[in-house]
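Q: okay, structure incoming, though there's no sequence with it:
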């Protein structure tokens, strides 16, 4: 393959089709007809010697070669735009789609506030939220389909960048009518009353110590520190009973209503749910370390002015979360 045969417009078409999985949508994005998109893809196939996309009932599915190319192509296009100095970002007039990955409780804590900022400061920008629990999260960041992922990560590979947003720890939530609501919780209480916790993937999905590792990125799957809980009862014959494990944190209030279960949840979520008056937050009767919620993105997006702006908005929103 000769570099002289590469037309940068072909790379723009490839990137648009990869993102939209649809020729008509890619054409609309680039102000080109569907036939022009098809012709450009045909030329691109000749250059790389691969079909790149296969037409299916779900749209234009990328081949293995296209999946390998996508992240590098998008990064190269961004670097070219940055080098030409034509990538200024004016939030008031910019038409930009931001794609953020987060679990449900981080979505409720952060993205509601972020959406308000976008409405006020970037009225033409769109926000898409993807689940951070998907097993190909790192791959989606690699190919540029996710701009920023927010969560707790034990390991972040060198090709990614990260920013600390806030710290949190494990706490207990109880119904305000619970027998122990007005006193400190003891370890004996954890044996007397069953627990409910949030888990978005266990050992059956390959989780180790509450984290799933994929492509070098270790993301939290259990929303509590199981090791800290186990250490607290290591010298006792009994262990607390985990009666329920749920994937959706916003189900916790309904589960605790008219129940004597104790919910083991992140402190940031507990503060938010406690505001509604039905639940009370209590400290765990054992030592539990703080963990850091981070924003993670690919290194090629460091210099993108739009994503720099978005990261600043996230940092501002995180300060609101920290202060409650």
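A: Sure, I can see it. Since the model is a prediction, treat every value here as computed from it, not as a measurement.
Q: domain map for this protein?
A: Here the domain parsing of the chain from automatic domain parsing is 3-84, 97-167+292-323, 170-289.
Q: in JSON lines: those domains, plus mean pLDDT.
A: Below are those laid out as JSON lines (pLDDT from 0 to 100):
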{"stretch": "domain 3-84", "mean pLDDT": "86"}
{"stretch": "domain 97-167+292-323", "mean pLDDT": "91"}
{"stretch": "domain 170-289", "mean pLDDT": "91"}
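Q: may I see those domains arranged in TSV, with distance to residue 90 and mean neighbour count as well?
A: Every C-beta, even on glycine, is put in place using the N, C-alpha and C of the backbone. Formatted as TSV, the domains of the chain follow (distance: least, CB to CB, whole Å; neighbours: other CB atoms under 10 Å):
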stretch	distance to residue 90	mean neighbour count
domain 3-84	15	16
domain 97-167+292-323	9	18
domain 170-289	33	17
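Q: any chance of JSON lines for those domains, columns distance to residue 91?
A: As requested, the domains of the chain are exported to JSON lines (distance: least, CB to CB, whole Å):
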{"stretch": "domain 3-84", "distance to residue 91": "17"}
{"stretch": "domain 97-167+292-323", "distance to residue 91": "4"}
{"stretch": "domain 170-289", "distance to residue 91": "27"}
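Q: just checking, residue 139 is part of a helix?
A: Yes - assessed with DSSP: H, G, I helix; E, B strand; the rest coil, residue 139 lies in a helix.
Q: can you list contacts of stretch 150-164?
A: 100-103, 106, 110, 132, 138, 141-142, 165, 211, 213, 215-220, 291-299, 301-302, 311, 314-315 (CB atoms under 8 Å, 6 or more residues apart in numbering).
Q: likewise stretch 67-78?
A: Contacts of stretch 67-78 (CB under 8 Å, 6+ apart): 8, 11-12, 14-15, 18, 48, 52, 62, 87, 142-144, 298, 300-301, 303-304.
Q: give me that answer again for 7 Å
A: Contact with stretch 67-78 is made by 11, 12, 14, 15, 18, 62, 142, 143, 144, 300, 304, as judged by CB atoms under 7 Å, 6 or more residues apart in numbering.
Q: check contacts around the fourth one.
A: In other words, residue 15. 73, 74, 77.
Q: any idea which of those residues is closest to residue 236?
A: Lowest distance from residue 236 to the contacts of residue 15 (CB to CB) belongs to residue 74, with 53.4 Å.
Q: sec struct for the closest one, please.
A: helix.
Q: can you give me the distance of it to residue 167?
A: Distance, residue 74 to residue 167, using CB to CB, to the nearest Å: 32 Å.
Q: name the element residue 35 belongs to?
A: Secondary structure from DSSP states H and E places residue 35 in helix 34-48.
Q: C-terminal to that helix, what's the next element?
A: Counting by DSSP H and E, the element after helix 34-48 in chain order, helix or strand, is strand 53-56.
Q: run through who's touching that following strand.
A: 17, 41, 60, 61, 62, 63, 66.
Q: closest one of the residues you listed to residue 196?
A: residue 61 (39.6 Å).
Q: need the strands for the stretch 201-324 of the chain, in chain order.
A: Ranges of strands in the stretch 201-324 of the chain, per DSSP state E, counting those that start in this stretch, are 211-214, 217-220, 242-246, 262-266, 279-283, 291-298.
Q: got the contact list for the longest one?
A: Right, the one you point to is strand 291-298. 106, 141-142, 147-153, 156, 159-168, 307, 311, 314.
Q: sorry, back to before: tell me the two of the contacts of stretch 67-78 that are most distant?
A: 62 and 304 (22.4 Å).
Q: and the helix holding residue 35, what does it pack onto?
A: Packing partners of helix 34-48 (3 or more CB pairs under 7 Å, 6 or more residues apart in numbering; DSSP states H and E): helix 8-20, helix 23-30.
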